[in-house]
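**Q** Prediction below, plus the sequence it came from.
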Amino acid sequence: MPERGLVIGKFYPPHRGHKHLIDTASANSDEVHVIVCDRKGEDPPATMRAGWIREIHPAVKVMVVEDTYDPDNSELWANLTKRWLGFIPDAVYTSEDYGHAYSRYLGARHVQVDKPRSAFPVSGTMVRADPLGSWEFLEPPVRAHYAIRVVLLGAESTGKTTLAERLASSLDTIAVPEFGRAHTEEKIKAGNGSEWNSSEFVTIASRQAAMADAAARICNKVVVCDTDAFATAIWHRRYMGGRSAEVEAIAAAEKAPDLCILTDVNTPFVADGTRDGEMIREWMDQVFRQELARSGRRFIEVSGPVEARLEDCLKAVRALMVPPMKDPN
């Protein structure tokens with residue numbers, strides 16, 4: 001008979017300690033089952049945490065169960081586990097003392113793994129309190145969830161790209177380029193730079209959102225985006241003369257930024273061969289302001305020389321990186 005191992009917990013959220021536990025179970029089992037306990041109101045939710053575990057450990061079998069039971073009633077949890085699994089596992093892998101009684105009631109061996117957490121000194125409580133402070137203990141999909149997302153917005157030739165690159169460099173992290181600009185350059189090369197259709201904006205919005213998500217997985221705590229799908233929806237209005245429900249749906253589904261930075265229009269317009277909106281910069285600026293207010297997104301406006309803008313950006317982003325103070329009560 002194959003050796004079947006079990007790991008059960010909240011994984012709230014998954015971290016390197018959990019990974020070590022599941023890896024240990026996998027190294028000693030033919031088949032590993034992971035039970036993720038779901039309690040109402042938790043953020044990130046259990047379904048998302050289970051998805052992360054499936055990505056991190058593609059060979060294990062993951063299920064989500066409702067967690068409404070007395071955490072100290074090991075016999076009850078053992079009986080529920082038998083029902084959920086439909087079998088009795090050979091071994092239970094935990095880092096906690098509750099595993100002794102739980103395994104005994106279950107009729108399985110208990111393998112306690114790194115109880116003092118010397119290999120990975122981290123806990124879910126630590127991660128939730130200060131995700132950025134626990135960054136080294138998080139896997140890419142979890143990092144993507146907790147990464148601070150900053151988006152540069154504004155009309156044409158207002159210094160977004162320069163500021164995005166400078167900001168990312170100052171934070172030693174990644175700047176996500178504007179896909180729409182690369183797309184426009186290709187259109188100009190092909191001789192159809194002035195011809196647009198809505199499907200192009202759908203592509204641009206989708207690619208921009210995907211690029212931001214990919215960068216968030218590998219960034220250094222902050223990902224700086226030179227535009228997003230939210231802005232693409234506004235550019236659709238500029239070029240197509242109206243809204244696109246499909247583009248706006250992509251914008252609504254993308255992970256909301258923690259901070260938007262609006263670059264003002266009081267900068268010289270630089271014609272670089274791809275820009276053609278000098279006469280409507282004021283209109284674009286007003287639309288961005290209106291849409292930011294309507295969406296409720298947090299934003300700051302930056303103006304003046306590049307160094308002053310950068311200083312304002314860094315101050316705002318670093319404020320977001322400070323963990324909230326603990327409630328003394």
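**A** Right, received. Where do you want to start?
**Q** tell me which element residue 93 is part of?
**A** In the assignment (DSSP states H and E), residue 93 maps to strand 91-94.
**Q** Now that strand - C-alpha only, PDB.
**A** Only the C-alpha atoms of strand 91-94 are listed here, as PDB (Å, rounded to 0.1, in the frame of the first residue of the first chain):
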ATOM      1  CA  ALA A  91       1.200   9.800   9.100                       C
ATOM      2  CA  VAL A  92       0.300  13.300  10.100                       C
ATOM      3  CA  TYR A  93       3.000  16.000   9.800                       C
ATOM      4  CA  THR A  94       2.800  19.000  12.000                       C
END
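**Q** Does residue 74 touch residue 96 like I think?
**A** No. Residue 74 lies out of contact with residue 96 (Cβ atoms under 8 Å); the separation is 11.1 Å. All C-beta spots, glycine's among them, are computed from the backbone N, C-alpha and C.
**Q** Comparing those two, which residue is more hemmed in?
**A** When neighbours are counted by other Cβ atoms under 10 Å, residue 74 and residue 96 differ, and residue 74 comes out ahead with 18 against 11.
**Q** can you pull the contacts of that one?
**A** Counting by Cβ atoms under 8 Å, 6 or more residues apart in numbering, residue 74 touches 98, 101-102, 104-105.
**Q** cool, residue 223 as well?
**A** 147-150, 173-174, 176, 212, 215-216.
**Q** Wasn't it part of a strand?
**A** Yes. Checked against DSSP: H, G, I helix; E, B strand; the rest coil, residue 223 lies within a strand.
**Q** So it versus residue 204, what's the distance?
**A** Residue 223 sits 18 Å away from residue 204, going by Cβ to Cβ, to the nearest Å.
**Q** Which residue ranges of this structure form strands?
**A** Ranges of strands in the chain, per DSSP state E, are 4-9, 31-38, 61-66, 91-94, 109-112, 148-153, 174-176, 222-226, 259-263, 299-302.
**Q** hmm, who's touching the longest one?
**A** Read that as strand 31-38. 2-11, 22, 25-26, 45-47, 49-50, 53, 57, 59-67, 81, 84-85, 89.
**Q** Mind checking which of those are buried?
**A** Buried by 16 or more other Cβ atoms under 10 Å: 4-11, 22, 25-26, 46, 49-50, 53, 57, 60, 62, 64-65, 67, 81, 85, 89, out of the contacts of strand 31-38.
**Q** and stretch 302-315, how far from the chain's centre?
**A** 26 Å (Cα atoms, centre = their mean, to the nearest Å).
**Q** tell me the residue furthest from the middle of this structure?
**A** Within the chain, residue 1 marks the point farthest from the mean C-alpha position, 40.6 Å out by Cα atoms, centre = their mean.
**Q** Before we move on, what's the pLDDT of it?
**A** pLDDT for residue 1: 77.
**Q** With residue 195 instead?
**A** 88.
**Q** For the residue nearest to it when sequence neighbours are not counted, give its distance to residue 154.
**A** Distance criterion Cβ to Cβ, 6 or more residues apart in numbering; nearest residue to residue 195, sequence neighbours excluded, is residue 187 at 7.5 Å. Distance from residue 187 to residue 154, counting by Cβ to Cβ: 22 Å.
**Q** what do you get for residue 96?
**A** Taken as Cβ to Cβ, the span from residue 96 to residue 154 is 51 Å.
**Q** tell me which residues in stretch 29-49 are buried?
**A** 29, 31-38, 42, 44, 46, 49.
**Q** Next, format those residues as TSV and append distance to residue 286 and pLDDT.
**A** Compiled in TSV, the buried residues of stretch 29-49 are given as follows (distance: Cβ to Cβ, whole Å; pLDDT from 0 to 100):
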residue	distance to residue 286	pLDDT
29	61	98
31	60	98
32	56	98
33	56	98
34	51	98
35	53	98
36	47	98
37	49	98
38	45	97
42	41	96
44	36	97
46	43	98
49	42	98
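**Q** if we take these, which one ends up nearest to residue 243?
**A** Nearest to residue 243 out of the buried residues of stretch 29-49 is residue 44 (Cβ to Cβ; 31.4 Å).
**Q** Show me which positions of the worst-scoring helix or strand of the chain on mean pLDDT end up buried.
**A** In the chain, the helix or strand scored least confidently by mean pLDDT, DSSP states H and E is helix 179-190, which has a mean of 90. Within helix 179-190, the residues scored as buried using 16+ other Cβ under 10 Å are 179-181, 183-184, 187.
**Q** Next: stretch 197-213.
**A** 198, 200-209, 211-213.
**Q** wait, which of those residues is closest to residue 128?
**A** residue 213 (21.6 Å).
**Q** Now the closest one. Nearest residue, chain neighbours left out?
**A** residue 144 (6.3 Å).
**Q** now residue 227
**A** residue 178 is the one closest to residue 227 (Cβ to Cβ, 6+ apart), at 4.8 Å.
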